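Asks: Give me coordinates for this.
(chains A and B)
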Amino acid sequence: MKFLPVSENDRAEMLRAIGAPSVEALFASIPEPVRREPVLPDPLSEIEIRRLMGSLAAKNANARDSAFFLGAGLYNHYVSAIADQMLYRAEWLTSYTPYQPEVSQGTLQSIFEFQTHICLLTGLDVANASLYEGASALVEALLMAERVVRGRRRAVLSRSIHPEYRETVRTYFANLGLEIVEVPLSPAGTTDAAALEAAVDDATFAVAVQSPNFYGMVEDWAAGSSAARRRGALSVAVVAEAASLALLVPPGAGGADIACGEAQSLGVPMHNGGPILGFLSCRAEHQRQIPGRLAGQTHDAEGRRAFCLTLSTREQHIRREKATSNICTNQGLMALASNIHMSLLGKHGMREVALQSHAKAEYLKGEIAKRPGYRLPYPGPTFNEFLVEAPEPAAGLLARLAGRGILAGVPLSRFGGEENRFLVAVTEMNTREEMDRLAAALGEA
Amino acid sequence: MSVELEEKGASLGDRLHPEPRSEPLVFERSGEGKVGYSLPPLDVPAIVAIPQSLLRREIEGETEISEVEVARHFTRLSRLNFSIDQALYPLGSCTMKHNPRTNEEVARLPGFAAAHPLAPEEVSQGALELAWRLEQVLIELTGLSRVTLQPSAGAQGELAGILMIRAALARDGNPRRLVLIPDSAHGTNPASAHFAGYKVRELKSNARGTLDLHVLDEAMTEDVAALMLTVPNTLGIFENQILEVARVVHAKGGYLYCDGANFNSFVGVAKPGLMGIDVMHMNLHKTFSTPHGGGGPGSGPVAVTAKLAPYLPRPTVERRPDGTFALDYDRPDSIGRLRTFLGNYGMFVRALAYICAYGNRIGEVARGAVLNANYIRAGLTGVYHLKYDAPSMHEVVFSDKKQAESGIQAMDIAKRLMDYGFHPPTISFPLIVHGALMIEPTETEGKAGLDAFLSAMRAIAREAEEDPEIIRKAPHTTPVRRVDEVAAARNLVLRWRPGGAGGGAR
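Replies: This next block holds a predicted model:
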């Protein structure tokens, strides 16, 4: 077995040193009745594993072999070769949480840099080392708000927020004695400002709005943050398409107290939905309630700059049931990839990616709107994703287009929404030729 | 750097490949006008159809840097890290074993890495089949009925498991109020129980280091939803009375939750389902060797009995009678979902590849891990104090008790080990061993590596008696000397700020 470096001879010597007659004897504390060998196939060689995985992978339409317009919280953006190839380095791939800073300065400094990028993009003071993904990041942001605004029980969530994020919040909140009030959308596809204002009361600890929202619409952070501030609640800005942060008013400037969501767009491949990359940032005054890992700057015994994990007294390994979260690890390797990607694109590249994605989406919108029977139900500003209404059920239409090599969008029926409607996402990866092909196919399909 | 190298009497090799000791922040390497990317020219009209009031100015402080500098920056940073591929990384409870590179390669196939979970099922059959196959092998290995792959990591798996127990009890009329957790448990256990709405009652371990059946018997009432038990526990000791424990818990209508963080010590040898365990999470990054990546991503599938299967997070992956695969969202009793999409799918690919490599010989993983841990134990017994001497499975917990007589603590021993070229063991955990040194060598270490580690540990024990100062001032050879963690918490600097050398948020 190639992953096992102990030879037969070594084993015999080791057993002698241990004073055990056999390896089996070391398992004596496991009761006989629970022992059982598994029924599994024979071991596979590397060649056979490649063959098996290759055959499974070949059955999946994907962004490399299709004209690709899927989004809904997971986007096909450009990732530099370096951002992936760097992850193969053993020092990144095969290390763990930097509990011992003297032999983990690489990981710690990278986390510190990642935290800085997220702060600059979101316009807030402090960011953590990353969280699992967007939906659980929203949960963590809401629970954090509840700790800051003590004694209140109600979170107000706009229905502009991704339905899987809201379902995740419901799952986590179910047994914590916390309520959720959902605010409907206006006919324009954005959060109904009057309904939002009315929903926020003195029992509200957080008001959460997403922009660009689930339907792609750009929302004004100010509506949520002013409603929150008037009642002493915290405003939570949810971002599921982080490429937008380079173009749109950042949460901090829009008055948000906490920003959270999904940063997969910034350097992480789609990975069929995971691993992706949750983020959370906040104003400095709330930093002691932030969940998850944090890297901080300090010095070593000789006075040189060094980094380490800090404020760990918030965390489960110290505080146990009183911890700010049950989270243990962050999303280390994905945060590294994102740090590399953001550093490469930098100030100008992130903006150019956002501008290209937006301009291309505007082009495709125009082309689709020209197709007979197709309409754009929400006319307001969008970033790079928009809602389309088809003259027939979208799931069947999209499956037919997939058969022709076009992954044209995500049907709302996957989320219990109107069956003729679907979301179309466009990024800098899409060409005009692909978009023309999609628009033409809608006329024919 | 050259001055330092000369002071240390640098060899020619050191001069050719000097070890970096520090690296500026990427923001400090930035310079106006430099570029690290290229994009195709825009092939549509350059329109911004968003009102000015909703647009931001440029991202002040963001980088301008070339690809070359980025490549060097992250390569240099990487060299400040210790990793499994260098040497033994005996971080107890974390299972730092070799990460097969085949798994990295196949996880990056476009059919997985460039796939989207909301693509039509008709064109995603391979992706669904892989998830279904992984569930089937985990069912076989656990002896339980169904598995959710959705949780992002072990801690989220714990929460999912306790939420399923709560849903089942609520369905029977009373969710109950308490969860019992031994004092040797991982901190995530009580935190997860708390976030599922339970009060935690801690159970004191017995002199063997395991659960005391009398303590359990007395604590186990009809107000207890579950016992969360780590098997084997964090001392590396198997709960040899597991069947009695299950009987006590079940007799009062409670559920037995197993923290499967240590499944690597008995995978392929014994089945949790036969032990009376109702729910168990597994850490794919531990038992099934998906890379730890400097702290994630993890993946924490949860296996459950048939009785708990209706409560699994949704969607589940189902095989239809015609052999095709589909997602099932229509699960009315489901606890809901813990995150977006299907979970950390890339980890599913790696874990299945790993399990396929072992196939029906996967018990070799456990046998190798247990052999190696016992070899470490035999080699250090008498040199370091062993508080609990019950048989060890995959890890062994010594303490600093002997060395403390010379004023040397576990932390000092950990730092000194770095000078000998090893990552330290886990220290200060489990909490029931004062000055704990929790050593987990894993099965992917050979005898030579283990012997080198034993020599280092013995040398440090000798130094503790003869030259404690060298330990107290360790490490001496790492990129930075001992890091001041107290100062970091006292004067919080959590980010770089434009125009300032590390001015932080206060």
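Asks: Now A:Glu352: phi and psi?
Replies: With angles defined as degrees, to the nearest 10, A:Glu352 sits at phi -70, psi -40.
Asks: which residues touch it?
Replies: Residues near A:Glu352 by Cβ atoms under 8 Å, 6 or more residues apart in numbering or on different chains: A:Leu345, A:Glu428, B:Leu39. For the C-beta atoms, the positions are set from N, CA and C on the backbone; glycine is no exception.
Asks: tell me what the longest helix along chain B is packed against?
Replies: Secondary structure assigned by DSSP state H gives helix B:447-466 as the longest helix of chain B. Helix B:447-466 is packed against helix A:8-18, helix B:363-380, helix B:401-404, helix B:410-419, helix B:468-472, with contacts defined by 3 or more Cβ pairs under 8 Å, 6 or more residues apart in numbering or on different chains; DSSP states H and E.
Asks: Let me see the confidence value for A:Gly443.
Replies: In this model, A:Gly443 is scored at 80, pLDDT.
Asks: do the same with B:Leu5
Replies: Here the pLDDT value assigned to B:Leu5 is 39.
Asks: hang on, the earlier thing: so for B:Asp484, which of the helices and strands packed on helix B:447-466 sits nearest?
Replies: Closest to B:Asp484 of these, according to Cβ to Cβ: helix B:410-419, at 12.9 Å.
Asks: All the strands of the stretch 151-300 of chain A, in order from the start?
Replies: Here the stretch 151-300 of chain A has its strands, by DSSP state E, counting those that start in this stretch, at A:154-158, A:179-183, A:204-210, A:234-239, A:258-262, A:278-282, A:295-299.
Asks: The third one close to chain B?
Replies: No. Under the criterion of Cβ under 8 Å from any Cβ of the partner chain, strand A:204-210 makes no contact with chain B; the nearest approach is 12.9 Å.
Asks: and that strand, C-alpha only, in CSV?
Replies: Provided in CSV are the C-alpha atoms of strand A:204-210 (Å, rounded to 0.1, in the frame of the first residue of the first chain):
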residue,chain,number,x,y,z
THR,A,204,-35.2,44.0,16.1
PHE,A,205,-31.5,43.3,16.4
ALA,A,206,-30.6,43.1,12.7
VAL,A,207,-31.8,44.2,9.3
ALA,A,208,-30.3,42.3,6.4
VAL,A,209,-30.5,43.2,2.7
GLN,A,210,-28.6,41.7,-0.2
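Asks: Run through the neighbouring helices and strands of that strand.
Replies: The helices and strands touching strand A:204-210, judged by 3+ Cβ pairs under 8 Å, 6+ apart, are helix A:134-148, strand A:154-158, helix A:221-230, strand A:234-239.
Asks: Leaving out sequence neighbours, find the closest residue to A:Pro250.
Replies: Excluding its sequence neighbours, the residue lying closest to A:Pro250 (Cβ to Cβ, 6 or more residues apart in numbering or on different chains) is A:Gly123, at 3.4 Å.
Asks: before we move on, back to that, I'd like the helices and strands packed on strand A:204-210 as TSV, with mean neighbour count appended.
Replies: Output for those, formatted as TSV (neighbours: other Cβ atoms under 10 Å in any protein chain shown):
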stretch	mean neighbour count
helix A:134-148	26
strand A:154-158	25
helix A:221-230	21
strand A:234-239	28
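Asks: Now do the contacts for residue 260.
Replies: No chain specified, so I'll use chain A. With contact set as Cβ under 8 Å, 6+ apart, A:Cys260 has these partners: A:131, A:134, A:137-138, A:140-141, A:236-239, A:278-281.
Asks: wrong chain, I was asking about chain B
Replies: Counting by Cβ under 8 Å, 6+ apart, B:Gly260 touches B:Val231, B:Pro272, B:Met280, B:His281, B:Met282, B:Asn283, B:Thr287.
Asks: for the residues you listed, which one is nearest chain A?
Replies: Nearest to chain A among the contacts of B:Gly260 is B:Pro272, at 8.1 Å by Cβ to the nearest Cβ.
Asks: looking at it, that closest one is touching B:Met280, isn't it?
Replies: Yes. Using Cβ atoms under 8 Å, B:Pro272 makes contact with B:Met280 at a distance of 4.9 Å.
Asks: about what we covered before: among the helices and strands packed on strand A:204-210, single out whichever gets nearest to chain B.
Replies: helix A:134-148 (4.7 Å).
Asks: and that closest one, is it in reach of chain B?
Replies: Yes. Helix A:134-148 is in contact with chain B by Cβ under 8 Å from any Cβ, via A:Gly134, A:Ala135, A:Ser136.
Asks: and that helix, what other elements does it pack with?
Replies: Using 3+ Cβ pairs under 8 Å, 6+ apart: helix A:134-148 touches strand A:154-158, helix A:163-173, strand A:204-210, strand A:234-239, strand A:258-262, strand A:278-282.
Asks: okay if I get the helices and strands packed on helix B:447-466 as TSV plus mean neighbour count and distance to B:Ser205?
Replies: What follows is these, written out as TSV (neighbours: other Cβ atoms under 10 Å in any protein chain shown; distance: least, Cβ to Cβ, whole Å):
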stretch	mean neighbour count	distance to B:Ser205
helix A:8-18	15	25
helix B:363-380	24	19
helix B:401-404	18	18
helix B:410-419	23	19
helix B:468-472	16	30
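Asks: Export those to JSON lines and append columns for distance to B:Ile237.
Replies: Shown next, in JSON lines, are the helices and strands packed on helix B:447-466 (distance: least, Cβ to Cβ, whole Å):
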{"stretch": "helix A:8-18", "distance to B:Ile237": "16"}
{"stretch": "helix B:363-380", "distance to B:Ile237": "11"}
{"stretch": "helix B:401-404", "distance to B:Ile237": "18"}
{"stretch": "helix B:410-419", "distance to B:Ile237": "19"}
{"stretch": "helix B:468-472", "distance to B:Ile237": "29"}
